[in-house]
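Engineer: Structure here, sequence nowhere to be found:
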């Protein structure tokens, strides 16, 4: 394990980069919630073992040395060995089934926790990647804005343009600076979150853009929502928990009027110095070595406490089932809302992409006219101001497209989480 961690950290120190899959792997190892869920699995497994082991005879050794004066009041023994186990119970098989379902629920809860950690890492990672890409685009926009401000400053000094033109150019440059500061702050926040999730130092943490796989094709069919309910580990864990509690309730309801059988065996060696020989006839069977084996059959006729416990268990089972049903409804509603949101965001993404392509063509046209002329004697020639404005607009449309892509990606990641596909999507980048 240490070698694996070292292999994962060394590339980070060399390049300051970490891939999405590596970040998720480290986060799942470092996450307190994952460790807690894993401990829950171990606890549930131990509980299942304990429930099944009720049928396995135990074995204990003991001694109670002492001195008896007069008639022996008890059975002071120099050595005692006992063994006992459950031989038969109507309820115990249901308790074993309940423990097995509880273990299944704990495992599903662990899987659900791992998927939530994967989603948290993926969202922070994608946002950091978006911030870095947009900061790079703002660098080009800032160059155009600074050149525009210099041109307007010269034109104002020459008396060609009014002062307001220079102020407008400076405002454009200031707005670019403001946006860049905001993105840099957000990027630092994402680095810190990723650092906390992965256990790595946040300083200098950067992304590997091609490690983020494209989102899979998502349809809007109603059958896909049913598939989501089947693949969602959180819902499956809630259903398994409800089933576990229903087994407990059924077992508790079968306590009255049903016999239980307990096996028992005991061996004792009575103390020779306890005056037994003075009060018992040694010629008719008294001996210091004594052993017994048998079954204890119990038929409960009336037990108010057990009846109350059965009612408590039945209520707990009903509540767990109601909670699972509510979780299923929430998942169905949330999945439908995400699918509809993705349809809208996909349309917005297409608009942003087309606007970006249009601005690119306009920039190419202005730069061509500036270099080669308009090609028409009557058409006005392009100016450096128009070129800088076209460059600024092209960068703004490109940044709008990046924002649209990011918002759509966040919605798609949440849908992948709801449908239980977030982990396989992350691993697809490795494949």
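Structural biologist: Sure thing, it's come through. All values reported here derive from a predicted model rather than from experimental measurement. Residues are numbered from 1 along each chain as shown.
Engineer: and the residue positioned nearest the centre of the chain, what element?
Structural biologist: The centre of the chain sits closest to residue 116, judged by CA atoms, centre = their mean, with a distance of 2.3 Å. Per DSSP states H and E: residue 116 is located in helix 92-157.
Engineer: so after that helix, what's the next helix or strand?
Structural biologist: Next along from helix 92-157, by DSSP H and E: helix 163-198.
Engineer: which parts of that following helix are buried?
Structural biologist: Of the residues in helix 163-198, 165-166, 169-170, 172-173, 176, 179-180, 183, 186-187, 190-191, 193-194, 197-198 count as buried by neighbour count, 16 or more other CB atoms under 10 Å. C-beta here means a position set from N, CA and C on the backbone, and glycine is covered the same way.
Engineer: which helices and strands sit right next to that helix?
Structural biologist: helix 20-30, helix 92-157 (3 or more CB pairs under 8 Å, 6 or more residues apart in numbering; DSSP states H and E).
Engineer: Please tell me how far residue 347 sits from residue 294.
Structural biologist: Distance from residue 347 to residue 294, counting by CB to CB, to the nearest Å: 79 Å.
Engineer: Can you add mean pLDDT and distance to residue 333 and give the helices and strands packed on helix 163-198 back as JSON lines?
Structural biologist: JSON lines is the format used below for the helices and strands packed on helix 163-198 (pLDDT from 0 to 100; distance: least, CB to CB, whole Å):
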{"stretch": "helix 20-30", "mean pLDDT": "95", "distance to residue 333": "28"}
{"stretch": "helix 92-157", "mean pLDDT": "96", "distance to residue 333": "18"}
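Engineer: JSON lines for the ones you listed, including distance to residue 246?
Structural biologist: Compiled in JSON lines, the helices and strands packed on helix 163-198 are given as follows (distance: least, CB to CB, whole Å):
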{"stretch": "helix 20-30", "distance to residue 246": "32"}
{"stretch": "helix 92-157", "distance to residue 246": "8"}
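Engineer: Which one of these lies nearest to residue 86?
Structural biologist: Nearest to residue 86 among those is helix 92-157; the distance by CB to CB comes to 6.2 Å.
Engineer: How about the secondary structure of residue 234?
Structural biologist: helix (DSSP: H, G, I helix; E, B strand; the rest coil).
Engineer: For it, which residues are in contact?
Structural biologist: By CB atoms under 8 Å, 6 or more residues apart in numbering, residue 234 lies in contact with 108, 109, 112, 327.
Engineer: which of the residues you listed lies closest to residue 101?
Structural biologist: residue 108 (10.3 Å).
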